[in-house]
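> Quick one: sequence and predicted model below, then my questions.
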Amino acid sequence: MAHRIDVHKLADEATWNSFHTTVLLWCFVILILGGYDLAVAGTALPSIMKDMGVDATQAGFMVSAALFGMMFGAIALGYIADKYGRRIGLSTCVLFFSVFTAAAGFTSDPITFSVMRILAGLGIGGAIPNVAAQMTEYSPKNVRGVMVTLMCCGYAVGSILAALIGKQFIESYGWQSVFIAAGATVVLIPFILKYMPESLPFLIKQHDDTHLRQVVSKIRPNIKLEPQEEFLVPAEDRAEGPTVGRLFQDSRGLSTVMFWLGYLTCLFMLYALSSWLVKLMALAGYSLGSALNFLLAYNVDAIVGAVGGGWLADKFNIKWVTFSFLIVAAVSLTLLGYGTQPLFLVVAVVGASALGTQILLYAHAGQFYPTSIKATGVGFASGVGRIGGIIAPVGIGVLVSMKLPLEQNFLAIAAVAMVGAIAVAFINHGLSASAHNYDATKSDAAGLSRA
């Protein structure tokens, strides 16, 4: 009689080993590259403005072009990954952001440059939902939250790398060099196709028993597989059917919309602070040097908050950890507006809670949706959330131009964080795939998908 193996349970109960480290490193590297390609425009902006003769308004649109691409890329490439496989999805992301970031280096006018940035943004935006889905699926359950959040810090590393490379190369070789250099990463695509494991439910759908056995033996090397082994996933994880529509099936509709609202409010908060924190602190009477130090404290503690949030999510309910981070963000932003001392500590808490929340949302959505629609679910939430990132710099700019009392600018951002907290509170964690803990080997009556 065939021995049945639930591949999700197998991954959940695995012990971290070199296979998991390989998946983590590949996902981390992809996000470093995406983070570099996103940040490089800001690093080279002064040189681009001078070379192309554009004013600040035009330059702002040129930098924001990638954000528009990211919005659509998160949705489209998340869907492609669930439909045609994660390796195809991730390779497409790398192809887009490598080739079109390099292509931007060969442009000489703002319109062509912006078009290249939109196309590069498709790949950058698609990268996070795909790697979040990949890391969530393959991480052992007891370290899943911290591994997803640690992986997402690759974006911050990529931003730092863009600043360091820009500092070394722009003056000597021109702003074009830091864009063209991004094209070299296209050589990683064959290695991603070869060494990145495919999603387990996708392999079951494709009846790719050979690849499936290879991956299973790496996840749990202590298991001896026999020829008659039968690999199963619960019925809701079948990698088939209209993936977008399934985001609203099985009572997931309200939670899906709440994830979208959570992402939107969190990205509004992040982009409002990254765009206006230095200016707002300068308006509060601090010198430019001091204001930049506040920004440094914000960014450094953002990484601490991201990893710490992941650790807490593994120990406690991820929904309420995310909710608590948003409440802390709202309170600390309010305190910042009123100049509560010690101000550096308040700014550090704002950074930790703001970015920590965003990465927690990626981990939470990754755990909420069944594996066969995981990248689609995270991708749609990320894509809709980009609307918040796009309108935040403009919205806070309008408030600043109205010359309102300083605290009202921060209170506006805090209010958005509170809306996000309310949205997270309405997510039905009981519907999440991670909360079900289905055992596919005991679910024949409910319907199974098998290799």
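Cool, got the structure.

> which residues does G388 contact?
Listed by Cβ atoms under 8 Å, 6 or more residues apart in numbering, the contact set of G388 reads Y263, L264, T265, C266, L267, F268, M269, Y271, V416. C-beta coordinates here come from the backbone N, C-alpha and C atoms, glycine included.

> host element of it?
helix 374-401 (DSSP states H and E).

> per-residue confidence averaged over that helix?
For helix 374-401, the mean per-residue pLDDT is 79.

> chain center to it: distance?
13 Å (Cα atoms, centre = their mean, to the nearest Å).

> Next: stretch 51-66.
25 Å.

> Return the set of buried residues in that stretch.
For stretch 51-66, burial by neighbour count (16 or more other Cβ atoms under 10 Å) applies to M52, V54, A59, G60, M62, V63, S64, A65, A66.

> In contact with the residue nearest to V331 when sequence neighbours are not counted, which residues?
The shortest distance from V331 to any non-neighbouring residue, by Cβ to Cβ, 6 or more residues apart in numbering, is to A414 (7.6 Å). Counting by Cβ under 8 Å, 6+ apart, A414 touches A329, A330, V331, L333, T334, G337.

> Going by distance to P129, which of those wins?
Of all the contacts of A414, A329 has the smallest distance to P129: 22.5 Å, by Cβ to Cβ.

> sorry, back to before: make a ChimeraX selection of the buried ones in the contacts of G388.
ChimeraX command restricting these to the buried ones, with burial defined by 16+ other Cβ under 10 Å:
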select :263,264,265,266,267,268,269,271,416
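
> Closest one to V146 out of the contacts of G388, please.
C266 (19.1 Å).

> Would you agree the closest one is in contact with A421?
No: shown here, C266 and A421 do not form a contact pair, counting by Cβ atoms under 8 Å, at 10.0 Å.

> show me the contacts for the residue positioned nearest the centre of the chain.
Nearest to the centroid of the C-alpha atoms of the chain, with distances taken as Cα atoms, centre = their mean, sits I128, at 3.8 Å. If you count contacts by Cβ under 8 Å, 6+ apart, I128 has them with L31, G34, A74, C152, Y155, Y362, V378, S382.

> switch to 6 Å and redo it
Counting by Cβ atoms under 6 Å, 6 or more residues apart in numbering, I128 touches S382.

> Now tabulate the buried residues of stretch 51-66 in JSON lines and tack on pLDDT, distance to G145 and secondary structure.
Formatted as JSON lines, these follow (pLDDT from 0 to 100; distance: Cβ to Cβ, whole Å; DSSP: H, G, I helix; E, B strand; the rest coil):
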{"residue": "M52", "pLDDT": "86", "distance to G145": "44", "secondary structure": "helix"}
{"residue": "V54", "pLDDT": "78", "distance to G145": "43", "secondary structure": "coil"}
{"residue": "A59", "pLDDT": "72", "distance to G145": "38", "secondary structure": "helix"}
{"residue": "G60", "pLDDT": "68", "distance to G145": "36", "secondary structure": "helix"}
{"residue": "M62", "pLDDT": "78", "distance to G145": "37", "secondary structure": "helix"}
{"residue": "V63", "pLDDT": "73", "distance to G145": "32", "secondary structure": "helix"}
{"residue": "S64", "pLDDT": "75", "distance to G145": "31", "secondary structure": "helix"}
{"residue": "A65", "pLDDT": "81", "distance to G145": "33", "secondary structure": "helix"}
{"residue": "A66", "pLDDT": "83", "distance to G145": "28", "secondary structure": "helix"}
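
> Can you tell me which of those is closest to I303?
A66 (21.9 Å).

> how near is that closest one to F72?
Distance, A66 to F72, by Cβ to Cβ, to the nearest Å: 11 Å.
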